[in-house]
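**Q** okay, predicted coordinates and the sequence, questions at the end:
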Amino acid sequence: MNEFYSDIEEPIREVVRVLRDNGVNTTCSCGHKMYVEADIIPDGQLEVIHRTLFNYLSEHGLPTKYSIDIHLEQENPLSRCFAIIQLVR
């Protein structure tokens with residue numbers, strides 16, 4: 001096993017390895033909380049949300065500070081993907 005993976009907590013280590021082996025740039029993880037954070041390239045609807053929001057805020061002289069959190073909930077057989085947009089004032 002790559003020495004890099006030995007620094008990752010055991011409960012989440014294999015998930016991180018599989019994601020990285022498939023081209024996902026993981027940036028941090030926690031075995032206690034069972035999460036992995038990854039950088040993604042905005043595409044599709046996420047890019048539309050970002051550009052629309054950025055342009056609107058810019059055009060109206062408002063701060064362009066916001067976050068867009070993408071969530072995918074999987075519960076067989078259905079899945080739901082949604083965005084939470086948080087404006088920072």
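**A** Right, received. Where do you want to start? Residues are numbered from 1 along each chain as shown.

**Q** wait, Ile12 touches Met34, no?
**A** Yes: the pair Ile12 / Met34 is scored as a contact, 6.0 Å apart, by CB atoms under 8 Å. Using the backbone N, CA and C atoms, a C-beta is placed for each residue, glycine as well.

**Q** ok, the two, which is more surrounded?
**A** Using other CB atoms under 10 Å as the criterion, Ile12 and Met34 rank with Ile12 on top: 18 against 11.

**Q** so what pLDDT did that one get?
**A** With respect to pLDDT, Ile12 has a value of 92.

**Q** do the same with the one 3 residues further on
**A** The predicted local confidence for Val15 comes out at a pLDDT of 94.

**Q** next, the closest residue to it other than its chain neighbours: phi, psi?
**A** Residue nearest to Val15 in three dimensions, not counting chain neighbours: Val36, with 6.0 Å by CB to CB, 6 or more residues apart in numbering. Dihedral pair for Val36: phi -130, psi 130, per degrees, to the nearest 10.

**Q** can you give me the neighbour number for Val36?
**A** 18.

**Q** OK, contacts around the closest residue to Leu19 other than its chain neighbours?
**A** Closest residue to Leu19 apart from its sequence neighbours, by CB to CB, 6+ apart: Thr26 at 5.5 Å. Residues in contact with Thr26 (CB atoms under 8 Å, 6 or more residues apart in numbering) are 16, 19-20, 36-38.
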